[in-house]
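1. With the input below, show me the fold.
(one chain, ligands or ions: 2)
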Amino acid sequence: MDTIADTLSPMLSRLQLSAIRDQLDNLLDEATRRDFTLRESLAFLCEVEIARRDQRRVAMGTSIAKFPYVRTLDGFDFDAQPSIDPKQVRELATGRWIANGDTVLLQGPPGVGKTHLAVALGREAIARGYAVLFTSAVNLVAALSKAALENRLEEKLTHFTKPKLLIVDELGYLPFEKDAAHLFFQLVSRRYERCAMLLTTNRSIGEWGEIFGDTVIATAILDRLLHHSHVITIRGESFRLREKRRSGLVKPALVESPN
Ligand code: ADP
Ligand code: MG
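-> Ligands and ions are numbered 1, 2, ... in the order given. A predicted model of the protein is given here:
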């Protein structure tokens, strides 16, 4: 018996079944306790190994994605945000739109949960095996502009085109320089119909000419982004301000203005 135990561990290591190796005694005891057949026991061990790998893959994918904070769909209070259809968000969480290379546009004033939903949908995408990268519009454009100056634009465009889902947060908080609008257009064109994008913005589509400082470019960008798109418009006041007001930290008069 001892000799089998002694040889099992290195064999499991060699097969890279580390989850089974690390918990072998407990897992076998449990299989015995639950009266598993040999076939059931094998399935049980495989499940444990797969669960560990999924967990690692998600942890790795999440660290590569560079989310600004940790947020989940479970942590989103849909009752507090009646302008959002939970069914639509749950459908997006399946990732079908990512497989199709569609665009999701989350529109709304500050504090209504756009970034929260973007991060939560990004995590769902990672759990379904998609590579995700999160960036703010300002950082994206700064990175592309810098690369263009250093003759590395091609490399940078590839960097932002590779992930199956690119999340661009806070589009429109600052207007783009003309060159920046061109760079953004190049990226959108490359990703078009192959890779999905999720954008959050505080501006309505009618105002995109102002964001990009050029209506021709704005139209060309919108044309591609909106071709296969899912638009979620969030209304209402900032979640944080409302929570503060509820707890009496902010007086109602202070939260009258939308910003
Ligand atoms: P923005 O729309 O400006 O991107 P955020 O998504 O960053 O706003 O939301 C601001 C804060 O409020 C975050 O901490 C977020 O988790 C929280 N929040 C916003 N809406 C909700 C909600 N419906 N349920 C739970 N938390 C929310
Ligand atoms: Mg935000």
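
2. From now on I want contacts and neighbour counts done on CA atoms only, so please keep to that.
-> Noted.

3. Show me where this protein has its helices.
-> 2-14, 18-22, 24-33, 38-65, 86-93, 96-99, 114-127, 137-149, 153-161, 178-191, 208-212, 215-227, 239-246 (DSSP state H).

4. okay, the ones you listed, which one's buried deepest?
-> Neighbour counts (mean count of other Cα atoms under 10 Å) averaged over each of these peak at helix 114-127, with a mean of 23.

5. thinking Cys20 is in contact with Leu45, fair?
-> Check again: residue 20 is Ile, not Cys. Yes. Under the criterion of Cα atoms under 8 Å, Ile20 makes contact with Leu45 at 6.3 Å.

6. and for those two, which residues touch both?
-> Leu27 (Cα atoms under 8 Å, 6 or more residues apart in numbering).

7. about what we covered before: in CSV, list the helices of the chain along with distance to Gly75.
-> Output for the helices of the chain, formatted as CSV (distance: least, Cα to Cα, whole Å):
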stretch, distance to Gly75
helix 2-14, 38
helix 18-22, 29
helix 24-33, 32
helix 38-65, 17
helix 86-93, 13
helix 96-99, 22
helix 114-127, 9
helix 137-149, 25
helix 153-161, 28
helix 178-191, 30
helix 208-212, 31
helix 215-227, 28
helix 239-246, 13
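
8. So which of these is nearest ligand 1?
-> Closest to ligand 1 of the helices of the chain, according to Cα to the nearest ligand atom: helix 114-127, at 3.7 Å.

9. what's the model's confidence in stretch 221-240, averaged?
-> The average pLDDT for stretch 221-240 rounds to 90.

10. Now distance to ligand 1 too, for the helices of the chain, in JSON lines please.
-> Shown next, in JSON lines, are the helices of the chain (distance: least, Cα to the nearest ligand atom, whole Å):
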{"stretch": "helix 2-14", "distance to ligand 1": "41"}
{"stretch": "helix 18-22", "distance to ligand 1": "33"}
{"stretch": "helix 24-33", "distance to ligand 1": "38"}
{"stretch": "helix 38-65", "distance to ligand 1": "17"}
{"stretch": "helix 86-93", "distance to ligand 1": "11"}
{"stretch": "helix 96-99", "distance to ligand 1": "21"}
{"stretch": "helix 114-127", "distance to ligand 1": "4"}
{"stretch": "helix 137-149", "distance to ligand 1": "13"}
{"stretch": "helix 153-161", "distance to ligand 1": "21"}
{"stretch": "helix 178-191", "distance to ligand 1": "21"}
{"stretch": "helix 208-212", "distance to ligand 1": "17"}
{"stretch": "helix 215-227", "distance to ligand 1": "20"}
{"stretch": "helix 239-246", "distance to ligand 1": "5"}
